[in-house]
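**Student:** below is the structure, and that's it, no one-letter string:
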């Protein structure tokens, strides 16, 4: 037994570990199974920021909390980012302060998030296009922030015409595929061929 490190050492430490496991089990499955009384109504939580609402529900004892973004903020809506739209506890979307719920009731917080745009084209689709046309197509899709930068790489203009796209970067990505999603306010840079 002297060679086994698991069996040597302070027995009080092992006892305290077992005791803390038993305490956690007791606390989780016997004490916390009491119904939870909520201190706020759904109307008081609606319109608040997501993080304090999430923290309040977690501290109140709810275990299964899920947040779902609406992805509707695109500059034309009066809501702010992470503003809570709805809180649903179990099957109840309307509740008052003082109502009780089981601690394992699923909680869903719906909040306003940035709108994402699904790219209908791959990067290669724009090869040979005029940079102004590319900017117009991307603007029609809903992207807001675009800039065009000339590369000054043409000498004769035989293989590439002036103003044609040579590269596009969306955020920090220079390669994108059909179906990739980007936020509406991401920075897009269109690089195009130009004479020095």
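**Tutor:** Arrived safely, thanks for sending. These numbers were taken from a predicted model, which means no experiment stands behind them. Numbers count the residues shown, from 1 in each chain.

**Student:** ok so residue 44 is a strand residue?
**Tutor:** No. When classified by DSSP: H, G, I helix; E, B strand; the rest coil, residue 44 is found to be helix rather than part of a strand.

**Student:** please identify the helix or strand for the spatially closest residue to it that is not a sequence neighbour.
**Tutor:** Sequence neighbours aside, residue 97 is the residue nearest to residue 44 in space, at 7.2 Å (criterion: Cβ to Cβ, 6 or more residues apart in numbering). Where C-beta positions appear, they are placed from N, C-alpha and C, glycine not excepted. Assignment of secondary structure by DSSP states H and E places residue 97 within no helix or strand.

**Student:** what does the model give residue 97 for pLDDT?
**Tutor:** Residue 97 is assigned a predicted lDDT (pLDDT) of 94.

**Student:** same question for residue 82.
**Tutor:** Residue 82 carries a pLDDT value of 95.

**Student:** residue 33 now?
**Tutor:** pLDDT, residue 33: 66.

**Student:** and for residue 170?
**Tutor:** So residue 170 comes in at 95 (pLDDT).

**Student:** repeat for residue 137
**Tutor:** pLDDT for residue 137: 95.

**Student:** for it, phi and psi?
**Tutor:** phi -60, psi -40 (degrees, to the nearest 10).

**Student:** residue 175 now?
**Tutor:** Main-chain dihedrals, residue 175, degrees, to the nearest 10: phi -120, psi 130.

**Student:** quick check: closest non-adjacent residue to it.
**Tutor:** Closest to residue 175 by Cβ to Cβ, 6+ apart is residue 123, at 5.7 Å.
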